[in-house]
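Student: Predicted model and sequence follow; I will ask about them next.
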Amino acid sequence: MVTIEEALHIIEDQKIILKSETKPLEESLGYALATNTASPFDVPEFDNSAMDGYALCGLYQGYQLVGEVAAGDSKEILMNDGEAVRIFTGAKVPQNTSAVMMQEKTSVKENTLFLDEMPKAGQNIRKKGGQLEEGQEVFIEGHILNPPSLALMGSLGLENLKVFSKPRVNIITTGNELVKPGQPKTEGQIYESNSYAISGALQQFGFEHHQKTQIQDDFEATKAGIKTALESCDILIISGGISVGDYDFVKQSLEENGVNELFYKVFQKPGKPLYFGRKGNQFVFALPGNPASSLTCFYVYVLPLLQKLSGYPKAGLTTYQFPIKHAYENRFGRPSFLKAAVFDGKVEILDGQGSSMIQSMAKGNALAFIDKEEKLEEGDLIKCKLIS
Ligand code: AMP
Ligand code: MG
């Protein structure tokens, strides 16, 4: 048995080889960049107008209008002192523009422009190189591409990006009692639900599963199922069959498949019978079958490895601290991840903390952490990971 910190360190300390690939811009969200990126040109590339209004030559309150320039126009207009042109947002300003005046502060009579106020030099002009200069570093390797990053890469004209590949994930669920939703079931059977939580949580963080297999509680079937799953994944996530019951065959089947145990059992609630192992560059998590345990272990232990294998510089959910809404005492005898709801900056520990109870997790949005025998008063700070 290891502590939560030990388990997390074991995961964090794994030596891994990152793979990279080229992805089209529109498929790159959530990937980490595999190279540094410098700007190939000045951004903006030319002085342009920040407003719909008038480009002014010289600083006065009245001008002669001599033309118009719209966004995308490439024509060069020459203005003389005291002249102005109609201009629109994003349009290249004529060479000798002193300032741009927004149209709301102007009036036009025949061909003469009047300003409500004196213009200021350089006003409303977005300068060439004002955001980035040619050759300037934009992102360093490991930067995680969020929507604005995609916009920036697009604005640099980059169509394809070199990113770290994401791990391929396979899922195995085990249990004789499990029936696929939508199928008839008999007494004693239950609907299989963990794989939906796991595949959903994978999707939530930009991952997908490659293969999902249901296996009966049988040693040979488990061994064969694990062997097949390991043929096509970087991370194998198994649900159930890892406890100490007579029908729990996962641990032995992993051994027989050459998977080396890195830890088994974590001093925590829920999710004590959590297993983590490695075979070459492949990793295996065997999560306890109880629905809340399995999903809690995914967020706390599996996600950091998924992100590490994706080249993220910092993996796993951020831990925040918020005041607790009510007194709470840990009576579980183990450090515990509690199903919680964070609302208006306060944490409520939800009813239904049992390992099999998923409804409280479904209605909440956080995992709150409370140490063994810790006792909190209303307003005390409690650590939380936000899960939705
Ligand atoms: P196990 O870890 O296999 O002993 O399972 C512990 C509990 O979780 C049992 O009540 C199982 O029926 C339940 N369970 C296991 N796997 C699943 C699953 N995929 N979906 C829903 N419940 C499950
Ligand atoms: Mg089972």
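Tutor: Arrived safely, thanks for sending. Numbers count the residues shown, from 1 in each chain. Ligands and ions are numbered 1, 2, ... in the order given.

Student: Any idea what the residue nearest to Lys185 when sequence neighbours are not counted is bridged to?
Tutor: Excluding the flanking residues, the one nearest Lys185 by CB to CB, 6 or more residues apart in numbering is Val179, at 4.1 Å. C-beta here means a position set from N, CA and C on the backbone, and glycine is covered the same way. Here Val179 sits in beta bridges with Tyr191, going by DSSP bridges.

Student: you'd agree Val179 is up against Ser193?
Tutor: No. In this structure, Val179 is not within contact of Ser193 by CB atoms under 8 Å, at 10.5 Å.

Student: For the most centrally placed residue in the chain, give its distance to Asp47.
Tutor: The chain has Phe205 as the residue nearest its centroid, 5.1 Å off, counting by CA atoms, centre = their mean. Using CB to CB, to the nearest Å, Phe205 is found at 42 Å from Asp47.

Student: check contacts around the closest residue to Ile172 other than its chain neighbours.
Tutor: Using CB to CB, 6+ apart and skipping the chain neighbours, the partner closest in space to Ile172 is Ile238 (4.6 Å). By CB atoms under 8 Å, 6 or more residues apart in numbering, the contact list for Ile238 reads Ile171, Ile172, Thr173, Thr174, Ile226, Val250, Val284, Phe285, Ala286, Leu287.

Student: For Ile238, what is the enclosing helix or strand?
Tutor: Taking DSSP states H and E as the criterion, the element that holds Ile238 is strand 235-239.

Student: Any part of that strand near ligand 2?
Tutor: No. Using CB under 5 Å from the ion, strand 235-239 stays clear of ligand 2, coming no nearer than 8.6 Å.

Student: Beyond that strand, next helix or strand please.
Tutor: With DSSP H and E, the next secondary element past strand 235-239 is helix 250-256.

Student: How about residues contacting that following helix?
Tutor: By CB under 8 Å, 6+ apart, the residues outside helix 250-256 that reach it are 174, 219, 222-223, 225-226, 238, 240-242, 261, 264, 275, 277, 284, 286.

Student: Go ahead and build a PyMOL selection from the buried members of those residues.
Tutor: Under the burial definition 16 or more other CB atoms under 10 Å, those of those that qualify are selected in PyMOL by:
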select buried, resi 174+222+223+225+226+238+240+241+242+264+275+277+284+286
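
Student: What are the neighbouring residues in contact with the closest residue to ligand 2 within the stretch 1-150 of the chain?
Tutor: Residue of the stretch 1-150 of the chain nearest ligand 2, by CB to the ion: Met1 (20.4 Å). Shown in contact with Met1 (CB under 8 Å, 6+ apart): Tyr264, Lys265, Val266, Phe267, Lys272.

Student: how about 7 Å then?
Tutor: Residues near Met1 by CB atoms under 7 Å, 6 or more residues apart in numbering: Lys265, Val266, Phe267.

Student: Please apply the same query to Gly82.
Tutor: Per CB under 7 Å, 6+ apart, neighbours of Gly82: Cys57, Gly58, Tyr60, Tyr63, Gln64.
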